[in-house]
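*Asks:* Could you work out the structure for the sequence below:
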Amino acid sequence: MTLLAIDIGNTRLKWAQYATLRPGAEPVAHGALFLETIDRLEEADWAGLAPPTLVLGCCVAGDSVRHRVEEQLEHWDVAPRWVVSSAAEAGVVNGYDHPMRLGSDRWVALIGARARLLAGGRRGPLLVVMAGTAVTVDALDAEGRFLGGLILPGHGIMLKALEAGTAGLRVPTGEVREFPTNTSDALTSGGNYAIAGAIERMHRHLAQRCGTPPHCMVAGGAGWKVVPALSIGYELVDSLLFDGLLTIAAARGLTLKE
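*Replies:* So this is what the prediction gives:
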C-alpha cells in the first residue's frame, strides 16, 4: 500500500512513491521527466511500480497536461486527488487577496517548508524559494501566515527575452563572475544576480516585518544554480513539494488502506 505523489511543473513532471504518509519519509521509488514524454509513463517509468492505493498531486501546467497524466493512471484504477490552494491547510494560512488563485505548487511548497522547519525543532519566519522555469519567493511569518511573495522569470526566460529583444546576444551560457569580461559571462551573471537580489530583498523585508532573520529554503530544478550567489544562509531542499504533499495527506487524515 503506497502513496504516489506527483508534481507537474511548467517543464517537468516529478513523482515519488511512499510507503508511509509521514512528512520527511524517504521514497521507495522516484523519478522525473519532461512533459513531452509523459504519455509513456505507464509503459516506462511507472511500469514496474507497485499499484498505489492513493495518488496525490499538484499541477501548474494546465488542464490538458493534467488529463494526460490521469490517462496514464487509469490502468491502476485509482482516482488522483489534486491539491488546490485554499484559505488554510496543515497549519498554514493563505494571505493572498484571492487565496484560490495562488499557484498550487507555491501553496504545497509553503506547507512542506513549514512542516520541515517545525520537524527540525525550529521556529520563526520562513522564506520559501522555488527556482524553476519561473522563480517564486514567498514569505511566511512565525505563525504560519503567508504574507505574500514575488514571481519573476527564471534564468532561461531572461536569456530568451534578451535574445528576442536585442541583436547579437545569441551566445553560449557562461559562468557567474563578479566582474564579467565577456558577453556570455555577463548574461549568465546578470540573470543569476537578478534572482539572488530578489531573494535577498524579500529576506530583508521579512526580517524587518517579523523582527528576526527568516530561515530560507530553496527548491526547484534551478535552485543549485541560484544559491552560490546568495549572501544569506539557506537550505537547499530537493523534496519540498513532496514534503508538502505528505503533510497535506496526513493533515487530511488520508490513509493507505485499500
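*Asks:* Could you list the domains of the chain?
*Replies:* 3-84, 88-244 (automatic domain parsing).
*Asks:* export the ones you listed to TSV and tack on distance to Ala251, mean neighbour count and mean pLDDT?
*Replies:* Just so you know, the C-beta spots here come from the backbone N, C-alpha and C atoms, and that holds for glycine as well. Converted to TSV, the domains of the chain look like this (distance: least, CB to CB, whole Å; neighbours: other CB atoms under 10 Å; pLDDT from 0 to 100):
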stretch	distance to Ala251	mean neighbour count	mean pLDDT
domain 3-84	9	17	92
domain 88-244	4	18	92
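*Asks:* between the ones you listed, which gets nearest to Lys257?
*Replies:* Closest to Lys257 of the domains of the chain, according to CB to CB: domain 3-84, at 7.1 Å.
*Asks:* Now do the closest one: distance to the chain's middle.
*Replies:* 15 Å (CA atoms, centre = their mean, to the nearest Å).
*Asks:* Same check on stretch 192-204?
*Replies:* With CA atoms, centre = their mean, you get 17 Å for stretch 192-204.
*Asks:* Make JSON lines out of the domains of the chain and add distance to Ala250.
*Replies:* Below are the domains of the chain laid out as JSON lines (distance: least, CB to CB, whole Å):
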{"stretch": "domain 3-84", "distance to Ala250": "5"}
{"stretch": "domain 88-244", "distance to Ala250": "8"}
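*Asks:* Who is Leu54 paired with across the strands?
*Replies:* Leu3 (DSSP bridges).
*Asks:* I'd like the numbering to begin with 245 instead of 1 from here.
*Replies:* Yes, from this point I'll number from 245; that puts the last item at Leu298.
*Asks:* Tell me the spacing between it and Ala249.
*Replies:* If you measure Leu298 against Ala249 using CB to CB, to the nearest Å, the figure is 9 Å.
*Asks:* One more: Gly497?
*Replies:* 17 Å.
*Asks:* what's the answer for Trp326, then?
*Replies:* Distance from Trp326 to Ala249, by CB to CB: 12 Å.
*Asks:* Now the common contact residues for the two.
*Replies:* Leu300, Gly301 (CB atoms under 8 Å, 6 or more residues apart in numbering).
*Asks:* from memory Ile252 sits against Cys303, does it?
*Replies:* Yes. Contact status for Ile252 versus Cys303: in contact at 4.0 Å, counting by CB atoms under 8 Å.
*Asks:* Give the residues shared as contacts by these two.
*Replies:* By CB under 8 Å, 6+ apart, Ile252 and Cys303 have these common neighbours: Val309, Arg310, Val313.
*Asks:* in the stretch 395-502 of the chain, which spans are helices?
*Replies:* Remark: helices assigned in the stretch 395-502 of the chain by DSSP state H, counting those that start in this stretch are 399-409, 427-454, 467-470, 484-495.
*Asks:* can you pull the alpha-carbon coordinates of stretch 252-272 into PDB?
*Replies:* C-alpha atoms of stretch 252-272 as PDB (Å, rounded to 0.1, in the frame of the first residue of the first chain):
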ATOM      1  CA  ILE A 252       3.600  18.700 -12.500                       C
ATOM      2  CA  GLY A 253       5.600  21.800 -13.200                       C
ATOM      3  CA  ASN A 254       5.900  24.000 -16.300                       C
ATOM      4  CA  THR A 255       8.700  21.900 -17.800                       C
ATOM      5  CA  ARG A 256       8.900  18.600 -16.000                       C
ATOM      6  CA  LEU A 257       6.900  16.100 -14.000                       C
ATOM      7  CA  LYS A 258       8.400  14.700 -10.900                       C
ATOM      8  CA  TRP A 259       7.000  11.800  -8.900                       C
ATOM      9  CA  ALA A 260       7.800   9.800  -5.800                       C
ATOM     10  CA  GLN A 261       6.200   6.700  -4.200                       C
ATOM     11  CA  TYR A 262       6.000   6.400  -0.400                       C
ATOM     12  CA  ALA A 263       5.100   3.500   1.900                       C
ATOM     13  CA  THR A 264       4.200   5.900   4.700                       C
ATOM     14  CA  LEU A 265       2.500   9.300   4.900                       C
ATOM     15  CA  ARG A 266       5.000  10.700   7.400                       C
ATOM     16  CA  PRO A 267       6.400  14.000   6.200                       C
ATOM     17  CA  GLY A 268      10.100  13.700   5.500                       C
ATOM     18  CA  ALA A 269       9.800  10.000   4.700                       C
ATOM     19  CA  GLU A 270      12.200   8.600   2.100                       C
ATOM     20  CA  PRO A 271      10.500   7.400  -1.100                       C
ATOM     21  CA  VAL A 272      10.700   3.800  -2.200                       C
END
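*Asks:* With that, I have no additional questions.
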